Structure formats: structure tokens, C-alpha cells
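[1] fold the following and give me the result.
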Amino acid sequence: MLAPSPSRLRQLLTLAWPVVLSRSTQSVVGLSDALMVAPLGEYALAATVTGAINTFSLAMLPFGTVFIVQSFSAQLTGRGDLLSARRYGAYGLLLSAATQAVVLLALPFVGPALGWFRYAPAVHTAMTDYMMIRLCSIGLLVAVEALGNWFAGMGNTQIQMRASVITMVANIALNWVFIYGHLGAPAMGVAGAALASSLATALGLAWIGVAFWARQREIAGAAPWALKRAEFFRMLRFGVPNGLNWFMELSAFTLFLNAVVAPLGTTVLAAMNVILQINSVSFMPAFGIASAGAVLAGQAIGRAEPDEVGRVLRIAATVAVAWQGTVGLGYFLFPGPLMAFFEPPTGGAELLRVGAAMLAVSAAWQAFDAIGLTVGETLRAAGDTAWCMWARLLVAWLLFVPMSWLAVERLNGGALAAIWCIVVYVALLGIGFAWRFRSNAWRRIRLIEHDLVVEDSRPG
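    Numbering: from 1, shown residues only. Prediction:
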């Protein structure tokens, strides 16, 4: 059995702090892009941040799918079958390669697709340039996430942290080079931010790829991979619903930004995107806590100790709520000073005024978000991905999208109505996921079939 509560808390935090740092570096990448293009004007800020969100939304299906690699890796590690766990890292890389091939074929359609929305001409042009470049590295981003989840499931969360730190440092340095044109490089503006992020992602993948190769050699030596089609498709069976879970939510949110918020004007769009970047400070560490809790939950299930899952979840949820609640209080008390970091040198007073009011309201969703994150990740660790997919799909598309359109477009609620719609959406998801966990339906799910497991595994 797992140790008593204080030891479980230490175990959770030991696993979590590298994940927290890793996810926080991803926030820094987004924040640095926003901060470093802000002096170029509102159009550049709106194009960069919205373009990054649009790009990530397109990548979310494969990105969310490879989250399931952690679930398989954790349960197989808990069972002591490292040879089988080894193969799931390779399956994640295969999926990332397929993702990149599909995205490259879709590049010519980026500009016309953005033309469906009411962007200012300068924003449309800059966003198209950004996304065309950034999409060329989406497969690399998925590969980093797949290998990071593989290592995390085995109880090593520091490898992805190091890859993320490399990516963050490289991104900041390369932003300085390519956005403004230093060290002999051309000043590329918004496109430079995209190029910097793509090159930084490649460096992070190089680091974690070498680590993966070395670790799998420790597990299996020169033994063949013996990849199995049945295992790959079983990974997709549980992973694709998890990918659709996140993809459908982000797609709804992307539609919300493009069709509901964008018509309110470039200032409101820029303010909304800044708020989303600021909120990543609260979200990413909480997601790290949730991911660490999911690792422990998956390993407990692999050891046939399902009763420990609830205890681990309670600890993870408590820590995450405490973190997001504290940061949310800062958003509520000091919205103006936080927004001031993103104020352009000229014409930024309206951005500051609108954004400060919106940021203060965003404090209302923090605790619900923490609950939804921790419970949702624990359900994913158990393989309960289909129910979560349908819950997000129904709440996002049947409630959030029409509600926000009605509140903003028809009732003229403006920017604050848009923010309150997000609060309602996040609250309903958190409550729904908590109900699902308490139903104990996740206990009846079998992520790993015995006939797919290699029994003669070697110790790592």
C-alpha cells in the first residue's frame, strides 16, 4: 500500500514540482512571445497570441491523444512490466510523425480558413504568417509530449522538465534574434516569434529524444522493439477520446475567440488573449499537480490498489485548489498592475481598462478549474476517457458556444459577459467530473488487457 497521507503528499510534490516547472516554462514561452511582440502594437499582440491559440487548438487532438501514453506507462510500471511500457513511447512517436505529415498537407489552407473570421487585415496577414511557420513544428511538439508522458508514467518527471527549460531559454533568446533582427538576422516581427518557438521546440525534442533512447536501452538492451498493432490501436482506443476531449473544448474556445470576441474589436481580442496568458500562471502549475496525481493513481491501479486513488486525488485537488485560489485572489486584487505589463507604449489605456475588469472576473473560475483538472486527469489515468470526452463536448458545444454568442452578440453583454460565460463553463465541468469520479464507474474500466502484456519483463 501507499504510505500514510504525509508521505503521499511528499511523493506527490516530488513528482509534481518538475511537472509544475515544465508546464510553467510553457507559460513563459507564451508570455515571452506576447511581451516581446507587444511593442510592435495591438495588431502584433493579437496576431501572435491568437495565432498561438489557434495553432495549439489544431494540435490538441494528437497532443491530447498522447497523454494516454502516461496512463499505459504508469499502469504497466505499477505492474512491473517495463518491456511493455517501453513500447508505448514508440507508439507516441509514431503518432507524432503521422501528425506532422497531415499538418504539412494542410498548410495551404491556413490563410483562407482565417479569412472566415472578421480579423483586421493587418491581424489576418500577421496571424497567417505566424501559423504557417508554427505548424511546421507541431509534430515535434507532440513528440516531446509523448515522451514526457512516457517518462512521467515511469515516475521520472524531471526529463520533460529539462526539455521544457531548454525550450524556454532557447525561445526567449531566439525571440530576441528573430523578432527584432539581432546578430545579423532579419527583423521578422510576428513571424520571428513563430520561427523562434519552432526552433526551440526542436532543441527540446533533441534532448528528450536522446534521453528516451538511453532509457529504453537500459530496459531492453539491443532487444527488438516487437511493436504490436493491437497495442497501438488499444492506445488509440483510449487516447483518441482523450484527444477529442481536449480538442473539442479548445475548438469551441477557438470559435469563441474568433467568432464572439474578435468582432468586439482588436482591443478586446488583445485583452482577452493577454488574460489567457496571465491565467496560464495559475493553470499550468495546477495541471502539473493534476498530472502528478494521475501518475500515482495510474501506478496504484497497476498494483491493483484502486482504493488509494481517491486518497491521492484528495491531496492533489487540495493542493491545486489552494494554488489557483491564491493566484486568483491576486487577479482580483491587482488586475491593473498585472495588465500594465502588457500595455503597449502608445494607445494602451483602453487595453488596460478593459483587460483589468476582465482579469478580475477570471478569479471566479480558479477553484472550479483546479477541481476539473485534478479529477479529469485522474479519470484519464484510469482510462475513463470516453465519458470525459462526451462531457466536454456537450458542455462546450451545447452550452458554452451558444450561451456566449447569445450573451455577447444578441444581448450586447460585451467583454465582461464573455468572461462570465467562461466562468459558468469551467464550473459546470468541475462539478460534472467530480460527480463522475464519485460514481466509481472508473473502477470497472480495464485499460490494459492481460493478453497484450509481456510477462517476462526485465527490471529497469
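
[2] and the closest residue to residue 354 other than its chain neighbours, what element?
    Nearest non-adjacent residue to residue 354, counting by CB to CB, 6 or more residues apart in numbering: residue 271, 4.8 Å away. Bear in mind the C-beta positions are built from the backbone N, C-alpha and C, glycine included. For residue 271, the host element (DSSP states H and E) is helix 266-302.

[3] for that helix, give the mean pLDDT please.
    For helix 266-302, mean pLDDT is 86.

[4] that helix: what's the following helix or strand?
    Downstream of helix 266-302, the next assigned helix or strand under DSSP H and E is helix 307-333.

[5] roughly how far out does that following helix sit from the chain middle?
    18 Å (CA atoms, centre = their mean, to the nearest Å).

[6] what do you get for stretch 435-446?
    24 Å.

[7] what of stretch 171-185?
    Taking the mean of its C-alpha atoms, stretch 171-185 sits 26 Å from the chain's own mean (CA atoms, centre = their mean).

[8] try stretch 384-396
    Chain-centre distance of stretch 384-396: 17 Å, with CA atoms, centre = their mean.

[9] with stretch 9-19 instead?
    With CA atoms, centre = their mean, you get 19 Å for stretch 9-19.

[10] who touches that stretch?
    For stretch 9-19, contacts defined as CB atoms under 8 Å, 6 or more residues apart in numbering pick out 2-3, 152, 155, 157-158, 160-161, 287-289, 291-293, 295-296, 312, 315-316, 319.

[11] if we go to 6 Å?
    157, 158, 161, 288, 289, 291, 292, 295, 315 (CB atoms under 6 Å, 6 or more residues apart in numbering).

[12] and what of stretch 253-264?
    By CB under 6 Å, 6+ apart, the list of residues contacting stretch 253-264 reads 54, 57, 117, 118, 269, 272, 404, 405, 408, 418.

[13] show the buried residues in the residues you listed.
    54, 57, 117, 269, 272, 404, 405, 408, 418 (16 or more other CB atoms under 10 Å).

[14] pLDDT weak spots in the chain?
    Low-confidence segments of the chain (pLDDT under 70): 1-6, 27, 344-348, 450-460.

[15] show me what the helix holding residue 271 is packed against.
    When contacts are defined as 3 or more CB pairs under 6 Å, 6 or more residues apart in numbering; DSSP states H and E, helix 266-302 packs onto helix 5-37, helix 42-65, helix 68-79, helix 307-333, helix 349-362, helix 366-381.

[16] include distance to residue 110 when you put the contacts of stretch 253-264 into a markdown table, please.
    Below are these laid out as a markdown table (distance: CB to CB, whole Å):
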| residue | distance to residue 110 |
| --- | --- |
| 54 | 9 |
| 57 | 13 |
| 117 | 12 |
| 118 | 17 |
| 269 | 18 |
| 272 | 22 |
| 404 | 25 |
| 405 | 24 |
| 408 | 26 |
| 418 | 25 |
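
[17] on that earlier part again, residue 353 is in contact with the residue nearest to residue 354, correct?
    No. Contact status for residue 271 versus residue 353: not in contact, 9.0 Å apart, counting by CB atoms under 6 Å.

[18] now do the shared contacts for these two.
    With CB under 6 Å, 6+ apart, residue 271 and residue 353 have no common neighbours.
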